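> the sequence isn't on hand, but the structure is:
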């Protein structure tokens, strides 16, 4: 009899305990905080899987240093093969099965679009997604989603601001890829020029990814009489554009999207001498750039790489990216104090003030607010000197 | 478990022995109970298994029964998914009505594609369908139709909610929607394939000349099996769009077609129940591989695949058939 009473009492206690626990944030215990992530470890974009490994290694380092406020990070990263339906499945597994507190740094525009609604309905933070689309900073519509890197519109705004300052009477031509990426550039330029857009932009021409070359587009743009050219093109087309502009003897003030500034896949194929004077904007330190060889920030990153990812390729910028974005998350979690509720994590993510990363270019700071969900909006202009990109001028804000 | 349940339930129909019927009824019952014992995430996975099973049966009609190799069924899956998504997004019809429409659209496209394709055999047909699969994601991005397709952004869909009089979560409801489609699709498929049509398809596969001389209209049957196969896969695509709640060109890259082919082979070529085993493979083995190694999930997947092919050369269904016939002896 006594035994039965005790059992009943124990059961009642268990039920109560269960009820109490349900009110707490999933994935957060006294000693641990669970963080979920999806990455393309396989499939078309598996090269980006490096970012997920760098994230995991960074959290390992934080755990080795004692974690965050007594909490170890339990980072669960799953392969989505860069296919949105798989991202949906894996994200549901993370949220419902693994009970993670937040989803962090998922990769790919389509992949993140596929789960954005789901995560916002469930009020699960979708923090610092790895995509350059400009749709991740709309807190009024999607309170639980935040980007990280400067988006394409921000970058385009920076070019437009520079043009307004340096060449207010300039006649602008735009070459853009006909998809969301290219459209974001046009939209960014429009946002800064406003009423002047129709006057200043004398010609804009798009191309399809399926086009063999952009030669005819370049000729069309030149014949419009423009003296300024903005190239919003992916690497192959960017290289073609740079070469063609030079070959037809056109010398506009030339801007090239940050997506296509790789020395190996754009500037060298185009002919390094043909791109002298081209301007682009950057925000992170390039691990292959000799300028940062003895930079303390990059030395810190290299020390981390050597210890935690000894086999990884230190010339791969994705490792720098993963390091920086993970460091930003750790800052958010540190700001959370004892309260790791999803609301507070989101609140602190929207409360980053002049936060600096060792891997960002000097002067670039991370700022967010409840109405500003774009963490990095500063970029530094750089010019191609025939061998490498050289920083010039000041940091420009695209906000 | 679930898969065996439904695999068997699909066989209910005319000419099924009473002993089997009882088992099938039991399995169907178990399939109905499933979403109440599984978590919502597992229910979601079970739903995906049903979706893949329909697609695999479609591919099996064409490749397994009729011997036409298709590397392009991901394209029909995509067309089905987009048809459903566009119709829902533009609020043209209620979501459930998009399933038959998606099937019909794919039937027509599949039949038309099948007409010229009947002149191609074996590897050449595989190449032609491969072209279809690689072209589809790019065509979906075409800016002329972006108003409807959403371009590379794709279309986000709301999850269909259960009717208010049913105390079901949207995951459970979706599972039942898919089950309600799956069961008749398999019954129809079974009756089609175990009847005159099925014999004609197999005859064309095994001895095309003999089949023609027996009076079978080979080109009609070949085109029609293309159409019906596309219909099945398109319906699966529409259901898959509901379940994922999102369609985009990136969802339907060439790899989807390969995955379907792999699923069909693992399940068992020319086997109706095999579709379920293949679906389970598609749904769970990549996750398993990812758990074993983040560095080389595809290498692990490959090992699994080779293991399956080595141990079960005629697929899971073939192995089961082998053992049941041996035990009876």
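Thanks, I have the structure now. Note that this is a predicted model, so its numbers are computed, not measured.

> show me what counts as buried in the lengthiest helix in chain B.
As assigned by DSSP state H, the longest helix anywhere in chain B is helix B:218-244. Within helix B:218-244, the residues scored as buried using 16 or more other C-beta atoms under 10 Å in any protein chain shown are B:218, B:221-244. Backbone N, C-alpha and C define where each C-beta goes, glycine included.

> and the next helix or strand past it?
strand B:246-247 (DSSP states H and E).

> show me what that following strand is in contact with.
Identification of contacts with strand B:246-247 by C-beta atoms under 8 Å, 6 or more residues apart in numbering or on different chains yields A:84-85, A:88, A:113-114, B:78, B:81-82, B:85, B:154-157, B:241.

> give me that answer again for 10 Å
Strand B:246-247 is contacted by residues A:84-85, A:87-88, A:110-111, A:113-118, B:78, B:80-86, B:89, B:140, B:149-150, B:154-157, B:237-238, B:240-241 when judged by C-beta atoms under 10 Å, 6 or more residues apart in numbering or on different chains.

> pLDDT of it, averaged?
In this model, strand B:246-247 has a mean pLDDT of 93.

> and it, how far out from the chain's middle?
Computed by C-alpha atoms, centre = their mean, to the nearest Å, the chain-centroid distance of strand B:246-247 equals 18 Å.

> so where's the stretch 1-150 of chain B uncertain?
By pLDDT under 70, the low-scoring segments of the stretch 1-150 of chain B are B:1-15.

> 50 instead?
B:1-13 (pLDDT under 50).

> what is the burial count for the residue of it found nearest chain A?
Using C-beta to the nearest C-beta, the single residue of the stretch 1-150 of chain B nearest to chain A is residue B:41, 4.0 Å away. Per other C-beta atoms under 10 Å in any protein chain shown, the neighbour tally for residue B:41 reads 17.

> also residue B:183?
17.

> show me which residues of the stretch 51-200 of chain B sit near chain A.
Within the stretch 51-200 of chain B, the positions adjacent to chain A are B:51, B:81, B:138, B:141-143, B:146, B:150-159, B:171 by C-beta under 10 Å from any C-beta of the partner chain.

> please list only the buried members of those residues.
Counted by 16+ other C-beta under 10 Å, those give B:51, B:81, B:141, B:150-157, B:159, B:171 as buried.

> sitting in helices, which of those residues do you find?
B:51, B:81, B:141, B:171.

> list the contacts of the first one.
When contacts are counted by C-beta under 10 Å, 6+ apart, residue B:51 touches A:85, B:77, B:174, B:178, B:181-182, B:235-244, B:279, B:282-283.

> what about the helices in chain A?
Remark: helices assigned in chain A by DSSP H are A:2-23, A:49-64, A:84-92, A:109-121, A:152-166, A:180-193, A:197-200, A:215-223, A:235-247, A:268-270, A:296-308, A:317-335, A:342-349.

> same list (those helices) but as a markdown table, adding mean pLDDT.
Formatted as a markdown table, those follow (pLDDT from 0 to 100):
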| stretch | mean pLDDT |
| --- | --- |
| helix A:2-23 | 46 |
| helix A:49-64 | 95 |
| helix A:84-92 | 93 |
| helix A:109-121 | 92 |
| helix A:152-166 | 94 |
| helix A:180-193 | 91 |
| helix A:197-200 | 94 |
| helix A:215-223 | 95 |
| helix A:235-247 | 93 |
| helix A:268-270 | 89 |
| helix A:296-308 | 96 |
| helix A:317-335 | 95 |
| helix A:342-349 | 96 |
